[in-house]
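>>> Below: sequence and its predicted model.
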Amino acid sequence: MQSKLGGFMESKNYDVSIIGGLGHVGLPLGIALAQSGKSVLLIDINQQAIEIVTQGVMPFVEERGEESLRSVLGTKLFVSSKTEAIAEASFVVIVIGTPVDRHLNPQFTAFRDLFDDLLPILRDDQHIILRSTVYPGTTEKVKEYLRAFGKRTKISYCPERIAQGKAMEELRSLPQIIASFDEESFAEAKELFSVLTNDIISLKPIEAELAKLYTNVWRYIQFSISNQFYQIAVQYGLDFYRIYNAVTYKYPRAEGFPKAGFAAGPCLFKDTMQLAAFSNNSFFLGHAAMLVNEGLPNFIVQRIREKHPLREMSAGILGMAFKANNDDKRESLSYKLKKILEMEAKRVFCSDVYIHDSGFVSSDVLIDSADIILIGVPHREYAELNIPRKKIVVDIWNFFGEGGAI
């Protein structure tokens, strides 16, 4: 046996192995299953993440994640970089997404390459569960691919539905969708996830794949509507949030109306483009949402340039993560804003309380040095900041409650 906090027991039979087990989806699931009594092996090739997790430290921000990790690490939860260890598990959970290429088309190659590696290891009595968002038809394609090589392994699609940072709570509070090709597979998957929730929804695999895409695309479109409304108000010199507050105040039919702000991250944009590809690029609403959301940083800089001599001024971006109170910078539009400002402003400063990239400065240094301060993402810690009135603040989120006008 390797060390208690790292590796795996050579002779151990695991209930679940999770490939991609140290990411935002795999690690919370593994912890939750281990807390529920399952023996779980997390498999990941990220050596830095392995070193961090085996010390009982979460590699990303997750509420109650670290205390939960330490409660099961080395007793019910184990970590390894050895893919062949999945041979000792009943369930093999796959946590890799289907990315889009530079032409915004989905790619199946990641799954094909993974299963090429797994073919010599997989047993027919095992059950593969695809967990991440996938292009519609991927689960069926995986089944056909394995059957072509004589593998009779059970396959189900059980999408994650968590909000990043809230996984430990939502894995138990949200219903779980399970999509299998036969009743026996469904019963097995249901038994596994029933240790987390009794609220189980049964769908066909392609229905479940679309349900996951619809969820993310719906949010992306909602954000784009608010961002379009925001731009319309600003173009007419109006305070969007005076209108927004009037619309949403004690009006239940506007409860789902989000505030304006950067709609980013590793899922929403990508999944909208996957749905567009699945609809033969006739999903014009999705493409329009993409143009609005991805165009918001350009709109902001253009408005600043119209009102201020931006080339003679220093700009600072507070918050570089893709969402508030989180350390995930994947596909963050704050970085897109940074690139645009670097072409337009005299100097650009960046700061984030959770991310420490090279060249970042503290919030205080940024406030002192920048002529224009842009709120990239409204981390809760920024509520305590003291920004002098002479500074120009661009707050599209209305975090400071002074309107989002530019």
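Happy to help now that I have it. Numbering: from 1, shown residues only.
>>> Mind jotting down where the helices sit in the protein?
With DSSP state H as the criterion, the chain has helices at 26-35, 47-53, 65-72, 109-118, 138-148, 167-173, 183-193, 205-235, 240-248, 268-278, 284-307, 333-344, 363-369.
>>> Out of those helices, the one nearest residue 320 is which?
Closest to residue 320 of these, according to Cβ to Cβ: helix 333-344, at 4.5 Å. Quick note: C-beta positions are derived from backbone N, CA and C, even for glycine.
>>> buried set for the closest one?
Under the neighbour-count criterion of 16 or more other Cβ atoms under 10 Å, helix 333-344 has 333-338, 340-341 buried.
>>> Need the max-distance pair from the residues you listed.
Farthest pair in the buried residues of helix 333-344, by Cβ to Cβ: 333 and 341, 12.2 Å.
>>> follow-up on the earlier one: just the helices of the chain: most buried one?
Neighbour counts (mean count of other Cβ atoms under 10 Å) averaged over each of the helices of the chain peak at helix 26-35, with a mean of 26.
>>> Could you check the angle that one makes with helix 183-193?
Relative orientation of helix 26-35 versus helix 183-193 (axes from the mean of the first three to the mean of the last three Cα atoms, to 10 degrees): 80 degrees.
>>> What is helix 26-35 packed up against?
Packed against helix 26-35 by the contact rule (3 or more Cβ pairs under 8 Å, 6 or more residues apart in numbering; DSSP states H and E) you find strand 14-19, strand 40-43, helix 65-72, strand 77-80, helix 167-173.
>>> and it, how far from the chain's centre?
With Cα atoms, centre = their mean, to the nearest Å as the basis, helix 26-35 stands 17 Å off its chain's centre.
>>> tell me the angle it makes with strand 14-19.
Using the same axes, to 10 degrees: helix 26-35 against strand 14-19 is 170 degrees.
>>> Flag the shaky bits of this protein, pLDDT-wise.
1-11, 97-100, 102-104 (pLDDT under 70).
>>> got the domain boundaries for it?
Domain segmentation of the chain under automatic domain parsing yields 14-203, 233-394.
>>> Endpoints of the first one, how far apart?
End-to-end distance of domain 14-203 (Cα to Cα, to the nearest Å): 27 Å.
>>> which ones are touching residue 44?
19-23, 26, 50, 79, 81 (Cβ atoms under 8 Å, 6 or more residues apart in numbering).
>>> Which of those sits closest to residue 193?
Set against residue 193, the nearest of the contacts of residue 44 by Cβ to Cβ is residue 26 (14.8 Å).
>>> The nearest residue to that closest one once chain neighbours are set aside and residue 134: what is the separation?
Leaving aside its sequence neighbours, residue 26 sits nearest to residue 95 (Cβ to Cβ, 6 or more residues apart in numbering; 4.1 Å). Residue 95 is 11 Å from residue 134, where distance means Cβ to Cβ, to the nearest Å.
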